[in-house]
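>>> Next one to model:
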Amino acid sequence: MKKLLSAFVAASALMLGAANMADARELRVAPAAPPAHPANGVMYTNFIKYLPEESDGRLTGTMLGPEVVNLGQMKDALQAQVAEVGNLLPLYFPADLPMMSVTGQLSLTGTNAQAMGAALTEFVVNCAPCQQEMKSLGFVFLGAGASDVYEFMTVKPVRTAEDLKGLRLRSGGAPWARLAEHFGATPVQMSVFDQFEAINSGTIDGTMGSVGDLLAFRLVEVVKYITHVPIGLYFSTSNFTTSKATWDSLSVEDRAAMTRAANRANADFTNRWSAEIPAIAENAAKEAGIEFLDADPALVSEIETFIQDDITTAGKFSQEQFGIQDAPEQIQSFLKLVEKWTAIAEEENNDPVAMAKRVQEEVWSKVDYASYGQ
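Have a look, this model is predicted:
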């Protein structure tokens, strides 16, 4: 009798679980990256895993590939509800997101990925102009993540400042464009999806980017040299930008659950991109015969000086290009958060689970989900 009762209870639980999953709200989510990229293979894959865990099965997700929605299409796709949650990069849309682009101007200063992602998350959540920009577009911000430290990946060896002169380098945004121009290189703005063909055809001589791009975008087939240099990292992200129409349709409880899922996935993504992928990509590069170079100390010193000077330039650039008159003050506020989160990241040894917990405690636990995003 006890066995029969236990079997009945187990069957009932399974049936109830199946019913709950059948009634779940399935969100259309878009990482705008191929499976090999951590935005797809970890960030959004884990987000879809965490959604039902955090919502007791009320929320699930289905992924749209980059062939459906790419980075350049993300704004329109979210507004048209093709995607309900998407990987939006503010630096792709500076005219629409000028205040959020201000912090992106500090990309060269980044050295710790977990710290930068957490700092930007706290900054944007509490930044009234940032929130208004998102609201004007019909979006809700659910956190940021960051890449590994960028490097020069080229077809010609780069060791000195002289080696950079005349090179055509793909730039992921204004900070790297300013860096390239300072050293006499020509920055070329193009999508990460186009850089393989551009290098292969000789249109550009290389890129300033993540070593993970060697695998995510097949650069391992065309790059010949990688130079280790301190040229920042990519953290100007809104990893789980949510359509306000979708956000408004969710209960307060489900908004909180969705945010918890996003927060966990943000930390996972940052760990994968900044800590795990570089080792894998570097091994692949060595097998492909790519040569790793150490930059001349004089070049490293000049880059470090440029980055410090560029903090002031970033403020002026934001005033002139975006009309953000208090940009220098906003920048200093953000840099204080970077200092705070760098200490926390070091304390937690950059562990993604621990970092997600700290961001949840320091940022998201203080959010009123009835009013956030409204």
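>>> residues making contact with stretch 102-109?
Stretch 102-109 is contacted from outside by 90-91, 94, 120, 123-124, 172-176, 179, 231-236, 306-307, 310-311, 314, 317-318, 322, 324, 327, 330-331, 334-335, 338, using CB atoms under 8 Å, 6 or more residues apart in numbering. (Glycine included, C-beta is placed from N, CA and C.)
>>> Let's see that stretch as CSV, backbone CA atoms only.
Provided in CSV are the C-alpha atoms of stretch 102-109 (Å, rounded to 0.1, in the frame of the first residue of the first chain):
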residue,chain,number,x,y,z
VAL,A,102,29.3,57.2,-21.9
THR,A,103,30.5,54.2,-19.8
GLY,A,104,31.4,52.4,-23.1
GLN,A,105,33.9,55.2,-23.7
LEU,A,106,35.9,53.8,-20.8
SER,A,107,36.3,50.4,-22.4
LEU,A,108,40.1,50.8,-22.5
THR,A,109,40.3,51.0,-18.7
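>>> buried residues in it?
102, 103, 104, 105, 106, 107, 108, 109 (16 or more other CB atoms under 10 Å).
>>> check which helix or strand covers residue 188.
strand 186-189 (DSSP states H and E).
>>> Each with direction, which strands does that strand pair with?
Its sheet considered, strand 186-189 pairs with strand 168-171 (parallel) by DSSP bridges.
>>> Just the buried positions in the next helix or strand after the strand it pairs with, please.
Tracing the chain past strand 168-171, the next element assigned as helix or strand by DSSP H and E is helix 174-182. For helix 174-182, a neighbour-count test (16+ other CB under 10 Å) marks 174, 175, 176, 177, 178, 179, 180, 182 as buried.
>>> quick one: the residue lying closest to residue 238 once chain neighbours are set aside from residue 64, how far?
Excluding its sequence neighbours, the residue lying closest to residue 238 (CB to CB, 6 or more residues apart in numbering) is residue 88, at 4.5 Å. Relative to residue 64, residue 88 is positioned 14 Å away (CB to CB, to the nearest Å).
>>> returning to that earlier point: could you dump the buried residues of helix 174-182 to CSV with distance to residue 373?
Supplementary listing: the buried residues of helix 174-182 in CSV, determined by distance: CB to CB, whole Å:
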residue, distance to residue 373
174, 28
175, 29
176, 31
177, 32
178, 33
179, 35
180, 37
182, 39
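>>> And the helices in the stretch 1-150 of the chain?
2-22, 38, 45-55, 74-79, 98-104, 113-125, 128-137 (DSSP state H, counting those that start in this stretch).
>>> Of those, which shows the lowest average pLDDT?
Averaging pLDDT over each of the helices of the stretch 1-150 of the chain singles out helix 2-22 as the lowest, with a mean of 43.
>>> Need the per-residue pLDDT for residue 174.
Model confidence at residue 174, given as pLDDT, is 89.
>>> I meant residue 154, not that one.
98.
>>> Tell me where this structure is predicted with low confidence.
1-22 (pLDDT under 70).
>>> Quick check: buried residues in the longest helix anywhere in it?
Criterion DSSP state H: the longest helix present in the chain is helix 297-322. Neighbour-count burial for helix 297-322 flags 299, 302-303, 306-307, 310-311, 313-315, 317-318, 321-322 (criterion: 16+ other CB under 10 Å).
>>> show me what contacts residue 117?
Counted by CB under 8 Å, 6+ apart, residue 117 has contacts 143, 144, 145, 146, 235, 237, 266, 267, 270.
>>> again, only using 7 Å
Residue 117 makes contact with 144, 145, 146, 235, 266, 270, according to CB atoms under 7 Å, 6 or more residues apart in numbering.
>>> again with residue 348
By CB under 7 Å, 6+ apart, the neighbours of residue 348 are 354, 355, 358.
>>> 8 Å instead?
Contacts of residue 348 (CB under 8 Å, 6+ apart): 114, 354, 355, 358.
>>> what's the answer for residue 187, then?
Going by CB under 8 Å, 6+ apart, the list of residues near residue 187 reads 169, 170, 171, 176, 177, 180, 181.
>>> from those residues, which two are the most distant?
Spatial extent of the contacts of residue 187 (CB to CB) is set by the pair 170 and 181 at 13.9 Å.
>>> before we move on, the earlier item: so for residue 88 and residue 64, which residue has more residues nearby?
Per other CB atoms under 10 Å, whichever of residue 88 and residue 64 has more neighbours is residue 88, with 28 against 20.
>>> in terms of contact, does that one touch residue 242 like I think?
No - assessed by CB atoms under 8 Å, residue 88 is found out of contact with residue 242, at 9.7 Å.
>>> Can you work out which residues contact both of these two?
Joint contacts of residue 88 and residue 242 (CB under 8 Å, 6+ apart) are 78, 139.
>>> Just give me the neighbour total for residue 157.
13.
>>> Give me the phi and psi for it.
phi -70, psi 140 (degrees, to the nearest 10).
>>> just the helices in the stretch 151-300 of the chain please.
Using DSSP H, counting those that start in this stretch, helices in the stretch 151-300 of the chain cover 161-164, 174-182, 195-201, 213-216, 244-249, 252-271, 277-287, 297-322.
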